[in-house]
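Participant: Have a look; sequence and predicted model below, questions after that.
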Amino acid sequence: MTGDSAGGSPRRRPERALLVGVSWERGGRLSPEERLAELRELARSAGAEVVGEIRQRRDRPEPATLIGPGKVQEVAEARRRLEADVVIFDRDLTPAQQRNLERAIGGKVIDRTQLILDIFASRARTREGQLQVELAQLQYLLPRLAGMGEALSRLGGGIGTRGPGETRLEVDRRRIRRRIAGLRRLLAEVRRQRQTQRKGRRRAGLPVVALVGYTNAGKTTLHAALVRRFGAVPAGAVVAGRDRLFDTLDPAVRRVEWPGLGPVLVADTVGFIHDLPPHLIAAFRATLEEVLEADLLLHVVDVSQPRWPVDVDTVEEILDDLGAVQPRLLVLNKIDRGEAGGEGARGEAAGGEETRRHDAECKGGEAGGGEAWGRESGDGSRDPRGEGRPPEAIPTAHPLPAAPLSGENAAPAGIGGRAVRVSALTGQGLDRLAVAVAELLGRDRRRVRVEVPYHRSDLRSRIHAGGPVLAEEPVPAGWSLVALLPQAEIGRLRRAGCRIEDAAIGDAEDGARRLDGSRP
Ligand SMILES: Nc1nc2c(ncn2[C@@H]2O[C@H](COP(=O)(O)OP(=O)(O)OP(=O)(O)O)[C@@H](O)[C@H]2O)c(=O)[nH]1
Ligand SMILES: [Mg+2]
C-alpha cells in the first residue's frame with residue numbers, strides 16, 4: 001500500500017483499485033451511486049487510486065460469487081485492461097465468495113470490511129487502538145484462513161494485508177485463536193484503566209461532551225476549534241482534521257473552559273459509517289464507552305453534502321444500538337460551504353410526515369428553546385441563508401429519525417428538536433453552540449444569586465469549584481454570586497444559611513461581562 005503521507009514513509013506508486021458496486025432490487029438506505037461514491041472515498045482514504053468502477057444490479061446475490069458469472073468475466077477483463085492491483089467489492093464477501101472471485105478474476109479481491117479494517121490499521125496510533133484493530137482483523141481473518149495460502153502468496157502486501165502482517169501465512173488457526181484471547185485480555189486491562197480514568201473524572205465532577213458523527217463530518221476540526229476557542233492550550237498543540245475517512249481512531253479528550261459551565265471535557269471519537277462492520281463495532285466498544293459515559297453527545301453532521309439526512313439516521317441508529325441514552329444535540333457543520341440543496345427536497349419527499357411530527361414534539365417539549373439560544377449568539381456572525389428563521393433552527397425539511405425521538409430515553413435528547421448550525425472551519429456559530437451546550441448540561445442546574453456571609457469563605461470557594469460563576473460582587477454582609485448550580489448544591493447552601501434567589505438571565509449576562517472585564 002502507499003502508506004499514505006501520515007507515516008512519513010516515502011510514497012510508492014498508489015495501488016490501482018477497481019471498484020465493484022452491487023445493489024439489490026430492494027436496496028438499503030443509500031442509493032447505488034451513493035454507496036459507490038463512499039467506496040471511492042474509502043479507497044482514496046486507504047491511499048489507492050481508483051482506476052475503474054463496475055456496477056451490477058441483481059435480484060439477489062449469486063451464492064458462489066455474489067455477482068453473476070457474466071459480470072465476473074467483465075470484472076476480470078477490466079482488471080487486466082486497467083492493470084488494477086486490487087478489486088474492491090462494496091458488499092461483504094463470504095470467505096468462499098472471496099476465494100472463488102480471486103480465482104476467477106485472477107488477482108487480489110477484498111471487500112468493504114477489509115478495506116475499512118485496513119484504513120483503521122494504518123490510522124491506529126495508541127496502543128489501545130492498535131490492539132483493537134488487530135483483534136478485529138484477526139477475527140475477520142480466522143474464517144478465511146483455509147485456502148488463503150494461494151491467494152496471499154500472490155498478494156505481496158497492499159490493501160487488506162496491513163496489520164497482523166504477512167507472518168499470518170505461517171500462523172495456524174490455533175495460534176491466531178491464542179493471539180485473539182491474548183488481545184482480549186490486554187484490551188480488558190486497557191478497559192479497566194479507562195474506567196478508572198473515567199471514575200477519576202467523575203469524581204472531579206467534570207461534565208463530558210462527546211463529539212460523535214459520520215466519518216469526515218468534521219468532529220476533529222470542531223474539537224480543535226473548541227479547544228482553540230475555549231481551552232487553555234497553545235494552538236499548535238491542537239490536531240487538525242484531514243479530508244479522509246476515519247482520520248480519527250483514538251478518542252482524544254481535552255479540557256476546556258466552557259462559557260457558562262466552567263471546566264468541561266470534550267472527547268473526539270472515531271467516525272461512524274453505514275453498515276459498520278460488526279467486527280469493528282465489537283472491537284471499538286471500549287473506545288465507544290467514552291461516548292456512552294458522556295453527559296452530552298454532539299452529533300456532528302456535514303450538511304454541505306446532499307445525503308446528510310441519511311447520515312444522521314445512520315449515526316442515530318448506531319448510537320441507539322450501542323445503548324447511548326444521553327441527550328444529543330445535532331451540530332450542522334460546514335455551513336460555510338452552504339447547505340447541500342438536495343437535502344431539502346429529499347427530506348420533504350421522504351420525511352414530510354416525520355418532520356411534522358418532529359416539529360410538534362419540539363413545540364411541545366422545548367417551547368422557545370431555539371429562540372433562547374439565538375439570544376446569546378454573540379459571535380456576530382451572519383448566516384448566509386439564515387434569513388427568516390432563527391439561525392440555529394433545524395431546516396424544516398430535515399427528516400429527523402422517528403424512532404430515536406419517540407423512545408422514553410430519547411425524550412430528553414437534544415435531537416428531539418435542537419440543532420445548531422456551525423462552521424468548525426471558520427468558527428461561525430461556535431458561540432451559539434456554546435450556549436446550547438451550557439443550557440443542555442445545565443439542565444438540573446438553576447441560575448441563582450447566592451449571598452455568602454464573610455465568615456464562610458469555604459462556601460464561596462465551593463461555589464466557585466462547583467458551578468460556573470457568572471458574576472460576583474461584594475455586598476455589605478459578604479459576597480453575592482450569580483452561578484449556575486445543581487439543585488442539590490443549592491439545597492446544601494440554603495441549609496448552610498446562605499440567602500438564595502433565582503437570578504434573572506440578564507443579571508448573569510451583565511455579571512458575566514463584569515467578570516470578563518475584571519479578568520486580569
Ligand atoms: N468547509 C469546511 N470544511 C470543514 C469543516 N469542518 C471540517 N471540514 C473539513 O472536513 C474534513 C474532515 O474533517 P475532520 O475534522 O477530520 O472530520 P472527522 O469527523 O473528524 O472525520 P473522521 O475522524 O474521519 O471520522 C477536513 O478536510 C476538514 O478540513 C467546516 O466547517 N467547513
Ligand atoms: Mg476525526
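Facilitator: Arrived safely. Residues are numbered from 1 along each chain as shown. Ligands and ions are numbered 1, 2, ... in the order given.
Participant: got a pLDDT number for Arg418?
Facilitator: For Arg418, the pLDDT comes out at 77.
Participant: Without its sequence neighbours, what residue ends up closest to it?
Facilitator: Ranked by C-beta to C-beta, 6 or more residues apart in numbering and with sequence neighbours excluded, the top spatial neighbour of Arg418 is Leu329, at 5.5 Å. Heads up, the C-betas are built off the backbone N, CA and C, glycines and all.
Participant: Ligand 1 versus that neighbour, what's the distance?
Facilitator: Distance, Leu329 to ligand 1, by C-beta to the nearest ligand atom, to the nearest Å: 16 Å.
Participant: Next to ligand 1, which bits of the stretch 351-500 of the chain? Give me the list.
Facilitator: By the rule C-beta under 6 Å from any ligand atom, the part of the stretch 351-500 of the chain lying against ligand 1 is 423-425.
Participant: Spell out the secondary structure type for the residue nearest to Arg418.
Facilitator: Assigned state for Leu329: strand (three-state reduction, DSSP: H, G, I helix; E, B strand; the rest coil).
Participant: so it touches Leu296, yeah?
Facilitator: Yes: between Leu329 and Leu296 there is a contact at 6.6 Å, judged by C-beta atoms under 8 Å.
Participant: for the longest helix seen in the chain, packing partners?
Facilitator: When every helix of the chain is counted residue by residue (DSSP state H), the longest turns out to be helix 173-204. Other helices and strands packing on helix 173-204, by 3 or more C-beta pairs under 8 Å, 6 or more residues apart in numbering; DSSP states H and E, are helix 127-141, helix 285-292.
Participant: So the longest one, near ligand 2 or not?
Facilitator: No: using C-beta under 5 Å from the ion, helix 127-141 stays clear of ligand 2, coming no nearer than 12.6 Å.
Participant: ok, and for stretch 433-445, which residues are buried?
Facilitator: Taking 16 or more other C-beta atoms under 10 Å as the basis for neighbour counts, the residues of stretch 433-445 that come out buried are 433-442, 445.
Participant: Tell me the one of the residues you listed nearest Arg191?
Facilitator: The shortest approach to Arg191 among the buried residues of stretch 433-445 belongs to Leu441, at 26.1 Å (C-beta to C-beta).
Participant: residue contacts, the closest residue to that closest one other than its chain neighbours?
Facilitator: Distance criterion C-beta to C-beta, 6+ apart; nearest residue to Leu441, sequence neighbours excluded, is Pro207 at 5.2 Å. Contact partners of Pro207, counting by C-beta atoms under 8 Å, 6 or more residues apart in numbering, are 261, 264-265, 295-296, 441.
Participant: How much space separates Pro207 from Gly429?
Facilitator: When C-beta to C-beta, to the nearest Å is applied, the distance between Pro207 and Gly429 equals 21 Å.
Participant: Ala124 too?
Facilitator: In this structure, Ala124 and Gly429 are separated by 32 Å, where distance is defined by C-beta to C-beta.
Participant: what does Ala37 give?
Facilitator: Remark: distance between Ala37 and Gly429 (C-beta to C-beta) = 27 Å.
Participant: Can you give the domain ranges for the chain?
Facilitator: The domain map for the chain lists 16-173, 206-441, 445-518, with the assignment taken from automatic domain parsing.
Participant: Now do the residue nearest to Arg418, the pLDDT please.
Facilitator: Leu329 is assigned 93 on the pLDDT scale.
Participant: Could you tell me which residues make contact with it?
Facilitator: Leu329 neighbours (C-beta under 8 Å, 6+ apart): 296-299, 414-415, 418-420, 436-437, 440.
Participant: wait, which of the contacts of Pro207 is closest to Lys108?
Facilitator: Nearest to Lys108 out of the contacts of Pro207 is Leu265 (C-beta to C-beta; 43.1 Å).
Participant: Return the set of residues that bridge with the closest one.
Facilitator: Applying DSSP bridges to Leu265 gives these bridge partners: Val208, Arg255.
Participant: Compare Ala37 and Gly429 (neighbour count), which wins?
Facilitator: Each of Ala37 and Gly429 has its neighbours counted (other C-beta atoms under 10 Å); Gly429 has more, 26 against 16.
Participant: That one touches Val422, doesn't it?
Facilitator: Yes: contact status for Gly429 versus Val422: in contact at 3.4 Å, counting by C-beta under 8 Å.
Participant: could you show me where the strands are in the chain, in order?
Facilitator: With DSSP state E, the ranges of strands along the chain come out as 16-24, 49-58, 86-89, 108-111, 208-213, 252-258, 262-268, 296-302, 328-333, 419-421, 445-453, 469-475, 478-486, 499-502.
Participant: what about the stretch 51-200 of the chain, any weak spots by pLDDT?
Facilitator: Applying pLDDT under 70 to the predicted model, the residue ranges of the stretch 51-200 of the chain that meet it are 146-172.
Participant: go on, the stretch 351-500 of the chain?
Facilitator: Counting by pLDDT under 70, the stretch 351-500 of the chain contains low-confidence residues at 351-417, 443-444, 466-468.
Participant: and the end-to-end length of stretch 434-450?
Facilitator: Across its full length, stretch 434-450 reaches 24 Å end to end, with C-alpha to C-alpha, to the nearest Å as the criterion.
Participant: can you check stretch 480-495 too?
Facilitator: Distance across stretch 480-495, first residue to last, is 17 Å (C-alpha to C-alpha).
Participant: Using neighbour counts, pick out the buried residues of it.
Facilitator: For stretch 480-495, the neighbour count (16+ other C-beta under 10 Å) marks 480-486, 489-490, 493 as buried.
Participant: Among those residues, which one lies nearest to Arg99?
Facilitator: Distances from Arg99 to those, taken by C-beta to C-beta, are shortest for Pro486, at 60.0 Å.
Participant: what is that closest one paired to in the beta sheet?
Facilitator: According to DSSP bridges, the residues that bridge with Pro486 are Arg445.
Participant: can I assume it is in contact with Val448?
Facilitator: No: taking C-beta under 8 Å as the contact criterion, Pro486 and Val448 are not neighbours in contact, 10.5 Å apart.
Participant: picking up where we left off before, could you dump the residues of the stretch 351-500 of the chain next to ligand 1 to JSON lines with distance to ligand 2 and neighbour count?
Facilitator: Written out in JSON lines, the entries for those read as follows (distance: C-beta to the ion, whole Å; neighbours: other C-beta atoms under 10 Å):
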{"residue": "Ser423", "distance to ligand 2": "16", "neighbour count": "21"}
{"residue": "Ala424", "distance to ligand 2": "11", "neighbour count": "28"}
{"residue": "Leu425", "distance to ligand 2": "14", "neighbour count": "18"}
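Participant: Most neighbours among the contacts of Pro207, which one is it?
Facilitator: Neighbours here mean other C-beta under 10 Å. Within these, the largest count is held by Val264, at 26 neighbours.
Participant: Pull the contacting residues for that one.
Facilitator: Contact partners of Val264, counting by C-beta under 8 Å, 6+ apart, are 206-209, 255-258, 437, 441.
Participant: List the contacts of the closest residue in space to it that isn't next to it in sequence.
Facilitator: Once its chain neighbours are removed from consideration, Val264 has its nearest residue in Trp258; the separation is 4.0 Å (C-beta to C-beta, 6+ apart). The contact partners of Trp258, by C-beta under 8 Å, 6+ apart, come to 209, 230, 264, 434, 437-438, 441, 468.
Participant: Surely Tyr454 is in contact with Ala477?
Facilitator: Yes: because the distance of 6.9 Å satisfies C-beta under 8 Å, Tyr454 is recorded as touching Ala477.
Participant: before we move on, back to that, of the buried residues of stretch 433-445, closest to ligand 2?
Facilitator: The nearest member of the buried residues of stretch 433-445 to ligand 2, counting by C-beta to the ion, is Leu433 at 17.3 Å.
Participant: Nice, that's everything, thank you.
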